[in-house]
Structures are given as C-alpha cells and as structure tokens.
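A.B. asks: make a model of this:
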Amino acid sequence: MVKRRPPLDWTALLLEEGPQGILCIRKPNQEHWQFPGGKRHAKDRDSRVTAVRESREETGVRLNIADINLVGSRQEFNHHTHHPFRIDLYQVRLTDEKLASHFAISREGEEVGVFTWAELNEMGNFSPFHRMLAEKFGVWRTK
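C.D. replies: The predicted structure is shown next:
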C-alpha cells in the first residue's frame with residue numbers, strides 16, 4: 001500500500017479553553033493574537049496529531065488525541081501561494097492543571113496569553129480570520 005503525503009497546505013487550529021480563559025499565541029513581530037496551530041507535517045498521521053503537536057510546541061500544553069474534538073473544517077484559498085488549503089478547528093476543555101503548564105513564551109518564540117471571552121470580544125488585535133472560523137463553527141462566545 002502506498003502512503004499518500006498529506007496536502008502541504010493543511011492547517012490545524014486549536015481552541016484551548018480552561019477555567020481562566022482561552023490560550024492564544026502571538027507570533028514574534030506580529031500584531032494579532034490567534035489560536036495555536038500550524039501546518040501539518042508529512043509525519044503527522046492526520047490533523048488531530050498536528051493539533052496536539054502544535055499545542056505542545058506553541059503553548060507547552062501536552063494533550064492526548066482523545067482530548068480534542070473537531071468542530072469544523074473549511075477549504076480556503078491562500079492568495080500568497082495561489083493554492084487552496086484546508087483548515088481544521090479543534091476544541092479542548094483544559095483543566096486548571098493543564099492550563100497551568102502553559103509557557104509564557106513558546107520554544108518557537110511566540111508569546112502565550114490566556115484571555116476570557118469578554119477580553120477576546122473587546123480585543124482589537126485578535127485574528128479576524130480565527131474569529132470568523134470560530135463564529136462559523138458556533139464556538140465563539142460573545143460573553
């Protein structure tokens with residue numbers, strides 16, 4: 001059986017929500033906060049593995065695949081690469097213990113923050129694209 005490589009432009013995002021709020025990252029030299037996530041690697045069996053790996057790399061929170069739930073997938077077009085890409089949004093509820101394990105700065109240099117839904121709604125520098133995805137899939141809260 002021939003193994004098929006995953007699409008190069010396949011991204012997984014993770015909405016990690018704990019009692020104190022939602023984990024978000026801000027990449028170096030960028031204005032917008034966003035949900036953790038990133039591109040699927042060839043060694044990633046599926047985008048769930050990507051979401052778990054990206055959580056560990058970007059936030060320091062170690063998850064099990066069974067902890068995360070797919071809330072939606074969407075095909076988009078990247079105007080920079082001129083290729084379509086798929087984006088999967090996962091959600092996980094974090095315990096206080098898991099949330100306490102997050103980094104302040106990731107190994108990759110991202111700033112990591114925890115925000116309440118009220119703060120995210122008021123935030124002028126949260127990724128409009130990530131908000132649109134969360135709204136589309138019904139997981140964005142206004143309160």
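A.B. asks: isn't residue 95 up against residue 18?
C.D. replies: Yes: with contact defined as C-beta atoms under 8 Å, residue 95 reaches residue 18; the gap is 7.0 Å. Glycine gets a C-beta too; all of them are placed from N, C-alpha and C.
A.B. asks: more neighbours: which of these two?
C.D. replies: residue 18 (19 against 10; other C-beta atoms under 10 Å).
A.B. asks: and the gap between the more buried one and residue 27?
C.D. replies: Noted for residue 18: a distance of 22 Å to residue 27, by C-beta to C-beta, to the nearest Å.
A.B. asks: cool, and residue 34?
C.D. replies: Distance from residue 34 to residue 27, by C-beta to C-beta: 8 Å.
A.B. asks: who has more neighbours, the two?
C.D. replies: More crowded of residue 34 and residue 27, by other C-beta under 10 Å: residue 34, with 20 against 15.
A.B. asks: so what's that one up against?
C.D. replies: Residues near residue 34 by C-beta atoms under 8 Å, 6 or more residues apart in numbering: 13, 24, 25, 26, 27, 126, 127, 130.
A.B. asks: report pLDDT for the last one.
C.D. replies: I take that to be residue 130. Note on residue 130: pLDDT of 94.
A.B. asks: phi, psi of it?
C.D. replies: Dihedral pair for residue 130: phi -70, psi -40, per degrees, to the nearest 10.
A.B. asks: contacting residues for it?
C.D. replies: Counting by C-beta under 8 Å, 6+ apart, residue 130 makes contact with 13, 34, 35.
A.B. asks: need those in JSON lines (columns: secondary structure and distance to residue 50).
C.D. replies: Shown next, in JSON lines, are the contacts of residue 130 (DSSP: H, G, I helix; E, B strand; the rest coil; distance: C-beta to C-beta, whole Å):
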{"residue": "13", "secondary structure": "strand", "distance to residue 50": "10"}
{"residue": "34", "secondary structure": "strand", "distance to residue 50": "15"}
{"residue": "35", "secondary structure": "coil", "distance to residue 50": "13"}
